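# Can you look at this prediction? I've put the sequence above it.
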Amino acid sequence: MKTSRISRVIQILTTLQSGQPYTASELAKMLNISRRMIFRDLNELKQVGLPYYFDNKARCYRIKPEFLLSAPNLNSQEALGLLLLAYKARNHIHFPFKDSTLRAAIKIESDLPEKTKQFCNVALQKISIKADPQESLDLLDQKFAQMLDAILKKRIVAIRYYSLIEQEYIETNLSPYHLMYNNHTWYALGKIDADKEIHIFSLNDIKKLNILDKCFIEDEKFDLHEHLGRAWSMIPEGRLYNVRLKFLPEVAHSVANIQWHSTQTTTTQKDGSVIIEFRVDGLNEITWWILSYGDKVQILAPARLREKVVQIAQNMIKQNEPHLPDNARDDVEALQL
């Protein structure tokens, strides 16, 4: 077997040994090879008796837990990637268990070859991360750990949270299914007693959390990606819209360089502007994203979205008009006449 192929097979083996589920397509993408080559390499592993198997329920490949292969030494980029997250990014994102992450990084760093260690030390001095605006999350580690424990043990949690809709605190029982990080905030997804529908709660809005001595049966049909569907961010609204936007040349390049949504298509115009199209579930979330571009974006479709943005813009103007005394307002109106 050629050296390059040996290296690839070992990488497949160590990837499966991580315990995370991987499909053939995911392995192929990770190694930048075809699915056909992945199947050929998996067959190679099978012939030498290495205990991997296909999990029919999860539709992925796994390796039997009793098998143990020492991980290869990290190369410079692999080591730098881990240390960059632990040393530089940990204080700029809402990452739970930051102190534990740092301790793990120190242990890994201590075992690195001296040459790799020196490379990482020099590189880290030349790299900085500017933090994005962050929501202040109270007791993140505690809430995250409790919610994760409830998810893994399938335990119901009693929560007290602040509802933006009702503008008051509400108490309910939640059967938590999943934790998700989005837009600088951690969320818990699960079903509540009231309607047995999937709801999304910001951990920061949860002011009290108590794990009950009561288990729930998880809906086996629940699929996170299917639930989110084509929502712009996290909240599907049950209706799909074809959104067509024109961004002016001043912002066209920066907007077009980012994949904002899985359905995105981009068409560059002769004048330097771009037309970007999406097919999204609901208009509320995308509305605020559009407003962030001010007068540098034009809504071509749908009309309902355009009307929604115009109404908000008009309300903004009204809110920010200078408040003149009644007699001064009369003088202004007289001058206009």
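In hand now; what should we look at? Residues are numbered from 1 along each chain as shown.
# residues touching Leu16, list them.
Leu16 makes contact with Tyr22, Tyr52, Tyr61, Arg62, Ile63, according to Cβ atoms under 8 Å, 6 or more residues apart in numbering. Where C-beta positions appear, they are placed from N, C-alpha and C, glycine not excepted.
# Could you find the closest non-adjacent residue to it?
Excluding its sequence neighbours, the residue lying closest to Leu16 (Cβ to Cβ, 6 or more residues apart in numbering) is Ile63, at 4.2 Å.
# domains in this protein, as residue ranges please.
3-63, 76-125, 140-228, 240-320 (automatic domain parsing).
# okay, these in a markdown table with mean pLDDT next?
Output for the domains of the chain, formatted as a markdown table (pLDDT from 0 to 100):
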| stretch | mean pLDDT |
| --- | --- |
| domain 3-63 | 79 |
| domain 76-125 | 83 |
| domain 140-228 | 89 |
| domain 240-320 | 95 |
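# and Met234, which of these is closest to it?
domain 140-228 (5.4 Å; Cβ to Cβ).
# Can you show me the helices along this protein?
Secondary structure of the chain, counting by DSSP state H: helices at 3-17, 24-31, 35-47, 76-83, 98-110, 114-125, 140-153, 224-228, 249-256, 284-291, 303-320, 326-336.
# what's in contact with the longest one?
Contacts to helix 303-320, defined as Cβ under 8 Å, 6+ apart, come from residues Tyr241, Val243, Leu283, Ile286, Thr287, Ile290, Leu291, Ile299.
# mind listing what's buried in it?
Leu305, Lys308, Val309 (16 or more other Cβ atoms under 10 Å).
# ok so, going back, mind giving me JSON lines with the helices of the chain and columns for distance to Ile211?
Formatted as JSON lines, those follow (distance: least, Cβ to Cβ, whole Å):
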{"stretch": "helix 3-17", "distance to Ile211": "32"}
{"stretch": "helix 24-31", "distance to Ile211": "33"}
{"stretch": "helix 35-47", "distance to Ile211": "41"}
{"stretch": "helix 76-83", "distance to Ile211": "32"}
{"stretch": "helix 98-110", "distance to Ile211": "21"}
{"stretch": "helix 114-125", "distance to Ile211": "39"}
{"stretch": "helix 140-153", "distance to Ile211": "5"}
{"stretch": "helix 224-228", "distance to Ile211": "22"}
{"stretch": "helix 249-256", "distance to Ile211": "44"}
{"stretch": "helix 284-291", "distance to Ile211": "31"}
{"stretch": "helix 303-320", "distance to Ile211": "41"}
{"stretch": "helix 326-336", "distance to Ile211": "59"}
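# any idea how far Lys214 is from His199?
Lys214 sits 18 Å away from His199, going by Cβ to Cβ, to the nearest Å.
# neighbour-wise, which of these two wins?
His199 (16 against 12; other Cβ atoms under 10 Å).
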